[in-house]
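Peer 1: I'd like to go over a predicted model; first the sequence, then the structure.
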Amino acid sequence: MIEAKAKTELPACPVETTLTLIGDKWKVLILRDLMPGTKRFGELKKSVGNVSQKVLTAQLRAMEENGLVHREVYAEVPPRVEYSLTELGKSLKPILDSMWAWGEAYKAKQ
C-alpha cells in the first residue's frame, strides 16, 4: 500500500503521480462505486467485492488523506459513517470512463 505523500515527494511524471494515488485495484473499484453517490461502509464493502474490512478501511483512509474521498461520521447510536467523493475524486471520472471503454473493447476482441 502506498502511503499519502507530501506534494514535494510526488513523482515528477504525471502518470506515476496518478498511479501513486489510484494505482491499487481496490482504490479504482472504490472510485467506481462512489461515482454515483454516497455509500455507507457496509454498502461499499458489498459493492467493491471480495475485499477484507481491514484493506477497505486502509484504502479509504489513504484516499481520504489524499483528498479523493470525504468521510462523514454521524453522532448516532450505532455510529453511522458515509463515504463520498470529493470534487478532486469526481475529477477522475474521465479516467474511469476510459478504462471502462478500453475494457469493453478488449473483451469484445477476445
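Peer 2: Everything's here; your move.
Peer 1: OK, contacts around Leu85?
Peer 2: Neighbour list for Leu85: 31, 34-35, 68-70 [criterion: Cβ atoms under 8 Å, 6 or more residues apart in numbering]. Heads up, the C-betas are built off the backbone N, CA and C, glycines and all.
Peer 1: in helices, which of those residues fall?
Peer 2: Secondary structure from DSSP state H places 31, 34 of these in helices.
Peer 1: which among the contacts of Leu85 count as buried?
Peer 2: Buried subset of these (neighbour count, 16 or more other Cβ atoms under 10 Å): 31, 34, 68-70.
Peer 1: any chance of these in CSV, plus pLDDT and distance to Val15?
Peer 2: What follows is those, written out as CSV (pLDDT from 0 to 100; distance: Cβ to Cβ, whole Å):
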residue, pLDDT, distance to Val15
Leu31, 97, 17
Leu34, 98, 23
Leu68, 97, 17
Val69, 98, 22
His70, 98, 26
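Peer 1: thinking again about what came up before, closest to Leu10 among the contacts of Leu85?
Peer 2: Nearest to Leu10, judged by Cβ to Cβ, of these is Leu68 at 14.1 Å.
Peer 1: look up the closest residue to the closest one, ignoring the ones flanking it.
Peer 2: Gly89 (3.9 Å; Cβ to Cβ, 6 or more residues apart in numbering).
Peer 1: could you report the neighbour count for Tyr83?
Peer 2: By the criterion of other Cβ atoms under 10 Å, Tyr83 has 22 neighbours.
Peer 1: what about Lys39, neighbour count?
Peer 2: Neighbours around Lys39, by other Cβ under 10 Å: 18.
Peer 1: how far off centre is the lowest-mean-pLDDT helix or strand in the chain?
Peer 2: Ranked by mean pLDDT, DSSP states H and E, the weakest helix or strand in the chain is helix 14-22, scoring a mean of 91. Centroid separation for helix 14-22 versus its chain: 13 Å, with Cα atoms, centre = their mean, to the nearest Å.
Peer 1: ok, residues contacting that helix?
Peer 2: Taking Cβ under 8 Å, 6+ apart as the criterion, the residues outside helix 14-22 that touch it are 2, 5, 10-11, 27-28, 31, 66, 68, 92, 95.
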